[in-house]
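Enquirer: Compute the structure for the input listed below.
(chains A and B)
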2 protein chains.
Amino acid sequence: MADRPIEELDWKTPLEVAHKPSLNQIAKTGICGIMDVISPGTPPGSDTATLALLGYDALKVYSGRGALEAIGSGVEVLPGDVAFRCNFAAVDENLVVLDRRAGRIATEDAARLAESIQKVELEEPPAKFLFRNTVQHRAVLIIRGLNLSTAVNDSDPGKAGKKVLEIKPLDGSPATKQTAKILNELMDKFHKVLKVHPVNKERVKRRLPPANIILFRGAGTIPAIKPFSELYGISAACIAATPLIRGACRVAGMKLVNVKGATGTPLTDFMAKAKAAVQASIANDFVLLHVKATDVASHDGNIRQKIELIEKIDRMLGYMLGNIDLGSTYLAVTADHTTSCVTRGHEGDPVPVAITGPYVRRDDVEEFNERACSRGGLSRIRGMDLMLILMNLIGKTKKFGA
Amino acid sequence: MADRPIEELDWKTPLEVAHKPSLNQIAKTGICGIMDVISPGTPPGSDTATLALLGYDALKVYSGRGALEAIGSGVEVLPGDVAFRCNFAAVDENLVVLDRRAGRIATEDAARLAESIQKVELEEPPAKFLFRNTVQHRAVLIIRGLNLSTAVNDSDPGKAGKKVLEIKPLDGSPATKQTAKILNELMDKFHKVLKVHPVNKERVKRRLPPANIILFRGAGTIPAIKPFSELYGISAACIAATPLIRGACRVAGMKLVNVKGATGTPLTDFMAKAKAAVQASIANDFVLLHVKATDVASHDGNIRQKIELIEKIDRMLGYMLGNIDLGSTYLAVTADHTTSCVTRGHEGDPVPVAITGPYVRRDDVEEFNERACSRGGLSRIRGMDLMLILMNLIGKTKKFGA
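Expert: Numbers count the residues shown, from 1 in each chain, chains lettered A, B, ... in the order given. Okay, here's the model as predicted:
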């Protein structure tokens, strides 16, 4: 949601231009500030940002994206497992990538391919693997049963026209060498299964790119963190469609609420998410509602769409303001990072934050945006502080000392 | 440049009183804040302040002033070397200091003495030393070739009328004992050479204080830091006359630009530095321009001079504003510490900071000074954050996470 001033908007940000009465209402009745999600100047990834917003020290606990993504896709990841985000992709006979998403292969086709892939046998037991397709070309891979490491490169070369990369150990440890060996073996065996698979023969006939290789990236393990129940003694629920966000929330011990129509895209059903959040707030001490859409628009450099999406988020918040009791409930709004519509990437500029609810030290900020919030009563905080600030308001923090 | 409110200025600071249209222009078109160069309340040294402003965690990497000063004087310091700032001084027969600067001995005289000193032989090879005079009474000493330590006291008693101090080990390690032994040996042998040296006989005849001893202080090693090229992939240049600042910049991998007329004193050629900075900004991603003069005036308690120097700095910045393209270049101004004209020392009060250039979230601060900047959009940051904030603006930070 957060951005930098943009020339086309007369050097205002999308948040400054959007019509957003509900966001402003939250700012006006609450306490505002700016927040360095990781630290000043550091562009956060979505994974580290979410861990920080959940109150964890991402610089200490972050252990790669793969495991969070896998957990968020509903795959169990155990301590010691190394997990990867995967793509079904199309390569030529020289392993040069033709399409990193295999024509955004249909989920049904990918499921049939995944089933065959799972039958591959590894040379050296007790190493095991688990391969699951998720949505379209996306999949997750988990390796298990040996001393493993995340210090390996991605096989995904990042763009079409480049050759698939061999997995190499990035340090000299036996665990890393072993991990690289297993991954190269899997890549090779998967490729052998896929290139002769009936689904792909059928795809080629239909002039569709064959999903004849699996690209691995984002090696990760589950972060060693304490769940909310242990840290704050609270029950918590997550309303998000993006697997990564769901995974991080799951690791924090939150319940994952499934919402029909929530897609993690600009076409998501904002109102369905709002209703689910209001509902979840009855049975839970804490609810996180995540919207991915504005980030997608920013990565596309689509300023107009970003403004429209902020306005949709605003209407979603309007519903929530009308349906939760702000005499006994706190509502906080923020962004997980600044994404610039100009650079189309995550930036290290701070994000605005506002918290409304009983007993907050209301300041005189009247609008929710990057600049107005910088004059607020929260001043400049860190992402990992927000959760503690909220838990303090609801009386769930522990006194340090006596 | 930063100061506290002063009674003689009707409880305003020198920055608040000075006529400074260019500094105000930077504040007005930019984003402002205040900055704890090290941490709130901690008075920074010039050495730790510079390391922090260059983006390093001075609390972790600072390893004494001597090595930075030596490197900044053009002397090579290797990892493992222990370096000292030295003074040529005059002592009586009881080693009581008569003049800590040997009458600010001429550089030519000091050079002749240094040449003789360098011929001294140490008892126990492979210990080696390197002694170089720099400007007037100033010199550097480097010891090398053994397991050495910086945990030794200065031999410099700090003022005239006191006896030169024996170097003592400040911990029990063999390296420290060895270092202290070598230093005492050198102090003694240097003294023996100097007191009979023709240059000093000549000086005594001319009724000048003899430079008959070398005082050691500020034991330091080179800090273990990664250079800018590795951290951000940038090219960088330093425009400073003060050896310490040059040394810190050199350790960060910056090129040192020599500017005719830049002296590190109130008489420095401000315009020559400005021109060199504009020139350096063409070939480099980052240029640091350091002015020592306001600090000198503050240490002298010379309020009027400090104001005049701020006005000279302002004219220097006026030239820069007129000669760099602020559509593609960022200009940041700050101070490395607050120096009080009243206490005449470095103080732990935060310093003002302003950054102008494309896409900054311009705030409504209209003046560059300690109080106006405290209401700015940067809020309150740490010294070590500034470099990251700047690198983020020019797209040179790495995303943390995925």
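Enquirer: what's A:Phe216 sitting at in phi/psi?
Expert: phi -110, psi 140 (degrees, to the nearest 10).
Enquirer: shouldn't it be in contact with A:Ala89?
Expert: No. Using C-beta atoms under 8 Å, A:Phe216 makes no contact with A:Ala89, being 10.6 Å away. Any C-beta I mention is one placed from the backbone N, CA and C, and that applies to glycine too.
Enquirer: Strands of the stretch 1-150 of chain A, start to end?
Expert: A:31-36, A:82-91, A:97-99, A:128-133, A:138-144 (DSSP state E, counting those that start in this stretch).
Enquirer: could you say what helices and strands the third one packs with?
Expert: By that I understand strand A:97-99. Counting by 3 or more C-beta pairs under 8 Å, 6 or more residues apart in numbering or on different chains; DSSP states H and E, the packing neighbours recorded for strand A:97-99 are strand A:82-91.
Enquirer: Counting by contacts, list what the strand it packs on packs against.
Expert: Judged by 3+ C-beta pairs under 8 Å, 6+ apart, strand A:82-91 is in contact with helix A:66-72, strand A:97-99, strand A:138-144, strand A:213-220.
Enquirer: outside of the second one, which residues touch it?
Expert: When contacts are taken as C-beta atoms under 8 Å, 6 or more residues apart in numbering or on different chains, the neighbours of strand A:97-99 outside the stretch itself are A:89-92, A:157, A:159-164, A:209, A:213, A:215.
Enquirer: which residues touch the residue in chain A positioned nearest to chain B?
Expert: Chain B sits closest to A:Gly45 of chain A, with a gap of 2.4 Å, by C-beta to the nearest C-beta. Contact analysis of A:Gly45 by C-beta under 8 Å, 6+ apart lists A:Arg65, A:His346, B:Lys399, B:Phe400, B:Gly401, B:Ala402.
Enquirer: again, 7 Å this time
Expert: A:His346, B:Lys399, B:Phe400, B:Gly401, B:Ala402 (C-beta atoms under 7 Å, 6 or more residues apart in numbering or on different chains).
Enquirer: For the closest residue to it other than its chain neighbours, grab the count of nearby residues.
Expert: Nearest residue to A:Gly45, sequence neighbours excluded (C-beta to C-beta, 6 or more residues apart in numbering or on different chains): B:Gly401, at 2.4 Å. As a burial measure, B:Gly401 scores 24 neighbours (other C-beta atoms under 10 Å in any protein chain shown).
Enquirer: Could you tell me whether A:Cys238 really is in a strand?
Expert: Yes. Assigned with DSSP: H, G, I helix; E, B strand; the rest coil, A:Cys238 falls within a strand.
Enquirer: who does it bridge with?
Expert: With DSSP bridges as the criterion, A:Cys238 is bridged to A:Leu256, A:Leu288.
Enquirer: measure it to A:Ala52 for me?
Expert: Distance check for A:Cys238 against A:Ala52: by C-beta to C-beta, to the nearest Å, it reads 15 Å.
Enquirer: Looking at those two now, which is surrounded by more residues?
Expert: A:Ala52 (31 against 26).
Enquirer: how about the more buried one, what does it touch?
Expert: Going by C-beta under 7 Å, 6+ apart, A:Ala52 touches A:Val37, A:Ile38, A:Pro44, A:Ala58, A:Gly383, A:Met384.
Enquirer: which bits of the stretch 251-400 of chain A sit near chain B?
Expert: Contacts of the stretch 251-400 of chain A with chain B, taken as C-beta under 7 Å from any C-beta of the partner chain, map to A:Val342, A:Thr343, A:His346, A:Glu347, A:Gly348, A:Asp349, A:Glu370, A:Arg371, A:Ser374, A:Ser379, A:Arg380.
Enquirer: between these, which is nearest A:Ile117?
Expert: A:His346 (32.4 Å; C-beta to C-beta).
Enquirer: contacting residues for that closest one?
Expert: Going by C-beta under 7 Å, 6+ apart, the list of residues near A:His346 reads A:Pro43, A:Pro44, A:Gly45, A:His337, A:Thr339, B:Lys399.
Enquirer: again, but for A:Glu166
Expert: A:Glu166 makes contact with A:Asn184 under the criterion C-beta under 7 Å, 6+ apart.
Enquirer: wait, what's in contact with A:Gln118?
Expert: Applying C-beta under 7 Å, 6+ apart, the residues near A:Gln118 are A:Phe131.
Enquirer: What ranges does the stretch 201-350 of chain A have for its strands?
Expert: For the stretch 201-350 of chain A, the strands defined by DSSP E, counting those that start in this stretch occupy A:213-220, A:236-239, A:255-256, A:286-289, A:331-334, A:338-339, A:346-347.
Enquirer: how about CSV for those, with mean pLDDT and distance to A:Ala280 added?
Expert: As requested, the strands of the stretch 201-350 of chain A are exported to CSV (pLDDT from 0 to 100; distance: least, C-beta to C-beta, whole Å):
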stretch, mean pLDDT, distance to A:Ala280
strand A:213-220, 96, 27
strand A:236-239, 98, 4
strand A:255-256, 97, 8
strand A:286-289, 98, 5
strand A:331-334, 98, 13
strand A:338-339, 98, 27
strand A:346-347, 98, 28
